[in-house]
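*Asks:* Pasted the sequence and its predicted model underneath.
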Amino acid sequence: MCAPAGLGRGATRAALLALCGLLLGVAPVMAQQQTAAPARDAGSRVLGVRADSARGETARADAPVGSRGFWTWLRDEARRFRELNGGPFAYARRYRISTELAGDIHRAAEEEGIDPDLAFRLVRVESGFNPRARSYAGALGLTQLMPSTARWLDRRMTSREAILHPEHNLRAGFRYLNQLIRQYDGDLRLALLAYNRGHGAVDRDLRRGRDPENGYTRKVLGVGVERYRGSGLLGAR
């Protein structure tokens, strides 16, 4: 039961019910994560929050209802869930993937200067969030890197397993996309087409006066109200 029985004040009951709604909303994904990944030690992070910190928050929930400690705990919990819903946790729910994978994608995107919203869209289209994905052309991993491109981006990626490593693959793929966006002067459509077809093919079509579009940008960016409308880069408009 989320709220203790016998609450005397309507405001207290409303606040507790609001918090229960937050907790119930995240419960399905937390359960999915527990079955998708093994338990971690006390120093690990769960949904971006240290486990020992989470235990501290639980202890504060034992403060008497209506006390200063109780309201502090309630405020901190609400802020924590707002932060989770705007970060990896929200993407884990949207794409029905583990919070661990969502955290890896979100972190790699931010470190390489790519808008996480675009990063998740790209990975969904390229690999369906399968770290072991391999295309008929030989592209590998979450961001579907060709071995030659992977080695050019990171000299350490000399083997198939190195390219398939989720963290390395994500970092290299997003770094490549960042470079392409800048190469095409912020034209996200051309950058995505170059990512998919190769910049040589895109440049050749442009020189011949042809539209290099092949439908790929529609898959990544979406349509209608779901269409991505950002620049692709963090901190840019």
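*Replies:* Yes, it's here. Numbers count the residues shown, from 1 in each chain.

*Asks:* which residues are in contact with stretch 192-201?
*Replies:* With contact meaning CB atoms under 8 Å, 6 or more residues apart in numbering, stretch 192-201 is reached by 122, 176-177, 180, 183-184, 202, 212-214, 216-217, 220-221. Heads up, the C-betas are built off the backbone N, CA and C, glycines and all.

*Asks:* nearest to residue 75, of those?
*Replies:* Distances from residue 75 to the contacts of stretch 192-201, taken as CB to CB, are shortest for residue 122 (36.4 Å).

*Asks:* ok, and the closest non-adjacent residue to that closest one?
*Replies:* residue 220 (5.8 Å; CB to CB, 6 or more residues apart in numbering).

*Asks:* Hmm, residue 119 and that neighbour touching each other?
*Replies:* No. Residue 220 is beyond contact range of residue 119, at 10.4 Å (criterion: CB atoms under 8 Å).

*Asks:* okay, the two: which has more neighbours?
*Replies:* The residue with more neighbours, out of residue 220 and residue 119, is residue 119; 24 against 20, by other CB atoms under 10 Å.

*Asks:* that's a helix at that one, yeah?
*Replies:* Yes. Remark: residue 119 belongs to a helix, assigned using DSSP: H, G, I helix; E, B strand; the rest coil.

*Asks:* okay, now residue 94: neighbour count?
*Replies:* For residue 94, using other CB under 10 Å, the count is 12.

*Asks:* rewinding a little: now for the contacts of stretch 192-201, which pair is the farthest apart?
*Replies:* Spatially, the most separated pair among those is 176 and 213, at 19.9 Å (CB to CB).

*Asks:* neighbour count winner among these two?
*Replies:* Neighbours were counted for residue 176 and for residue 213 using other CB under 10 Å; residue 176 has more, 20 against 15.

*Asks:* where's the more buried one, which helix or strand?
*Replies:* Here residue 176 sits within helix 166-183, counting by DSSP states H and E.

*Asks:* Next secondary structure element downstream of that helix?
*Replies:* Helix 166-183 is succeeded, C-terminally, by helix 188-197 (DSSP H and E).

*Asks:* what sits against the closest residue to residue 134 other than its chain neighbours?
*Replies:* Nearest non-adjacent residue to residue 134, counting by CB to CB, 6+ apart: residue 140, 5.6 Å away. Applying CB under 8 Å, 6+ apart, we find residue 140 in contact with 133, 134, 146, 147, 150, 160, 163, 164, 169.

*Asks:* how about a cut-off of 10 Å?
*Replies:* Counting by CB atoms under 10 Å, 6 or more residues apart in numbering, residue 140 touches 127, 131-134, 146-147, 150, 157, 160-165, 169.

*Asks:* Which among the residues you listed count as buried?
*Replies:* Buried members of the contacts of residue 140, scored by 16 or more other CB atoms under 10 Å, are 127, 131, 133, 147, 150, 157, 162, 163, 164, 165, 169.

*Asks:* and the fourth one, what does it touch?
*Replies:* When contacts are counted by CB under 10 Å, 6+ apart, residue 147 is found next to 138, 139, 140, 157, 158, 159, 160, 162, 163.

*Asks:* now, which of those residues lie within helices?
*Replies:* Using DSSP state H, the members of these that fall within helices are 160, 162, 163.

*Asks:* ok, of those, which one's closest to residue 97?
*Replies:* residue 163 (20.5 Å).

*Asks:* Among the contacts of stretch 192-201, which one has the most neighbours?
*Replies:* Busiest of those [other CB under 10 Å] is residue 122, holding 28 neighbours.

*Asks:* For residue 203, see how far away that one is.
*Replies:* Computed as CB to CB, to the nearest Å, the residue 122 to residue 203 distance reads 21 Å.

*Asks:* and stretch 110-126, which residues are buried?
*Replies:* 112-126.
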